[in-house]
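In: From the sequence below, what's the structure:
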Amino acid sequence: MTTIRKVRYYIYLKDVLILSLTAFGGPQVFLAMVIDIMVKKRRYITEKDLLELNALCLVLPGPTSTQTVSAIGFRVGGPNLAYLSLLVWILPGTLLMISTAFLIEYLQSHTKGELSFAKFIQPMAIGYIIYASQITIKKMIHSVEAAILMMISAFIAFFYNSPFIFPIMLVIGGLITTHNYNKQPVIEEKSEIKISWDNFIVWATVLIVAAVLGHYTRILPIRLFENFYRNGSLIFGGGQVLVPYLYTEFVEFKNYLSSEEFLTGYAISQSIPGPTFSISSYIGALSMREWGAAGMITGGLVAAAGIFLPGTFLIFFVIRFWDGLKKYRPVRAALEGINAVSCGMLIAAAYLLFEPMENNFINIIIIIGTYILLRYSKIPSPLIIVLGVGIGLIYQWILNSI
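Out: Reported below is the predicted structural model:
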């Protein structure tokens, strides 16, 4: 039995690695691939159970795809396999984005601090944000009240872009829509909710200890871990919603990156497989560039650990009693407000990322063109970014030749 189980573990980890290297195109493509590999081919889980599990991950803070992979691993082989699958899933994307940070830093140091090669992919990143906003809003906004909440949160995020305002807005949004619980369908069969607090205690302990150590030691890697861990604990709505949080904290608030560097990294992160939260590794690496190569690697790995761990702890905590909790109407009603605020963040992100860019006709055409390609063409998303990078490199070569 033990040998059979170990073989099954090995096969599961191999499947996760294949996903991490081939899952281009965002959460929709990821879910289709999971159904094909883990449901139809391997039968680790039924399709109904998978969709319910994915829905649970969507309403929890943290990276949805990562939580889904970890949760399936948890059901197949318990906590040990779950954490191994987490590592296998995030490692390729993390290493690719750390390498991207090294490339950006090298090119800047050899081109007088400029990123001319990224001239075109920066406005392309705005096109990606607008496209992501449309898809997310279509899925999450289903009432006038939610639309108003979305616009109010976007307005607040425009003018009060402190990272500390975001979690407050999420809580308020959830509380506002709880009064609509009577519109939710009644589920008569309610079972007693039995809660095991172990994983919640681990999540909260790490958060508190990291915050205290970061505050009193002022050691940059510890502070980075706390920053990303806090963001990973508060992000509802997936990787696209993460963007305004990270931009506000690390560009506007702490000035660890320039707007140009952030946009370039975000655009490149859209062209690689695996979790979209891997952009955090890029940000962490550039935040520690003054520490040299070892510092950049440390920053990238610390950021990855910080952003991915809280969602894993929380899914392990909630999965045990979610089936009972979701039957209560106020819980489901609160999710509408949380999702509406998250959509407002996306709208704000498009504006905040465009504001520091040069306001010219070419940038606007590139933004609109990128959106049209994503919305109406069948060109793979990574190929669009590769095309932009290629044109940018040619543009920089011409500039250097003049």
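In: Got the confidence number for residue 39?
Out: For residue 39, the pLDDT comes out at 83.
In: can you tell me how far the residue lying closest to it once chain neighbours are set aside sits from residue 35?
Out: Nearest residue to residue 39, sequence neighbours excluded (Cβ to Cβ, 6 or more residues apart in numbering): residue 47, at 5.0 Å. For every residue, glycine as well, the C-beta is placed using N, CA and C. Relative to residue 35, residue 47 is positioned 6 Å away (criterion: Cβ to Cβ, to the nearest Å).
In: Strands along the stretch 51-200 of the chain, start to end?
Out: Listed from the start of the chain, the stretch 51-200 of the chain has no strands (DSSP state E, counting those that start in this stretch) to report.
In: Show residues contacting stretch 194-201.
Out: Contacts to stretch 194-201, defined as Cβ atoms under 8 Å, 6 or more residues apart in numbering, come from residues 313, 314, 316, 317, 320, 321, 324.
In: State the number of residues packed around residue 41.
Out: Residues lying near residue 41 (other Cβ atoms under 10 Å) number 10.
In: do the one 4 residues further on as well
Out: Taking other Cβ under 10 Å as the neighbour definition, residue 45 ends up with a count of 19.
In: Ok, the one 3 residues further on next?
Out: Residue 48 is flanked by 9 other residues according to other Cβ under 10 Å.
In: Now name the helix or strand holding it.
Out: With elements delineated by DSSP states H and E, residue 48 resides in helix 47-59, which encompasses its position.
In: Among residue 47 and residue 35, which residue is more densely surrounded?
Out: Neighbour comparison, residue 47 and residue 35: the larger count goes to residue 35, with 16 against 12 (by other Cβ under 10 Å).
In: got a pLDDT number for the more buried one?
Out: 78.
In: Report the contact partners of residue 298.
Out: If you count contacts by Cβ under 8 Å, 6+ apart, residue 298 has them with 221, 288, 291.
In: just those residues now: which is nearest residue 99?
Out: Checking these against residue 99 with Cβ to Cβ, the nearest one is residue 288 at 15.0 Å.
In: close enough to count as contact, that closest one and residue 303?
Out: No. Between residue 288 and residue 303 there is no contact under Cβ atoms under 8 Å: 9.2 Å.
In: Name the residues contacting each of the two.
Out: Shared contacts of residue 288 and residue 303, defined by Cβ under 8 Å, 6+ apart, are found at residue 224.
In: Comparing these two, which residue is more hemmed in?
Out: residue 303 (35 against 22).
In: residue contacts, the spatially closest residue to residue 37 that is not a sequence neighbour?
Out: The shortest distance from residue 37 to any non-neighbouring residue, by Cβ to Cβ, 6+ apart, is to residue 15 (5.3 Å). With contact set as Cβ under 8 Å, 6+ apart, residue 15 has these partners: 37, 38, 42.
In: For residue 366, state which of those is nearest.
Out: For residue 366, the nearest member of the contacts of residue 15 is residue 37. The distance, counting by Cβ to Cβ, is 35.8 Å.
In: Can you tell me how far that closest one is from residue 258?
Out: Between residue 37 and residue 258 the computed distance is 40 Å (Cβ to Cβ).
In: surely residue 146 meets residue 340?
Out: Yes. In this structure, residue 146 is within contact of residue 340 by Cβ under 8 Å, at 4.1 Å.
In: Tell me how far residue 224 lies from residue 244.
Out: Shown here: residue 224 relative to residue 244, a distance of 19 Å by Cβ to Cβ.
In: Can you pull out the low-pLDDT segments for the stretch 101-250 of the chain?
Out: Low-confidence segments of the stretch 101-250 of the chain (pLDDT under 70): 111-119, 122, 136, 161-164, 166-167, 184-193, 236-241.
In: Which stretches in it count as helices?
Out: In the stretch 101-250 of the chain, helices defined by DSSP state H, counting those that start in this stretch lie at 121-140, 144-159, 165-177, 198-217, 220-234, 239-246, listed in chain order.
In: domain ranges for the chain?
Out: When the chain is parsed into structural domains using automatic domain parsing, the resulting residue ranges are 2-86, 90-401.
In: residue contacts, residue 8?
Out: The contact partners of residue 8, by Cβ under 8 Å, 6+ apart, come to 76, 77.
In: how about a cut-off of 7 Å?
Out: Contacts for residue 8 (Cβ atoms under 7 Å, 6 or more residues apart in numbering) come out as residue 76.
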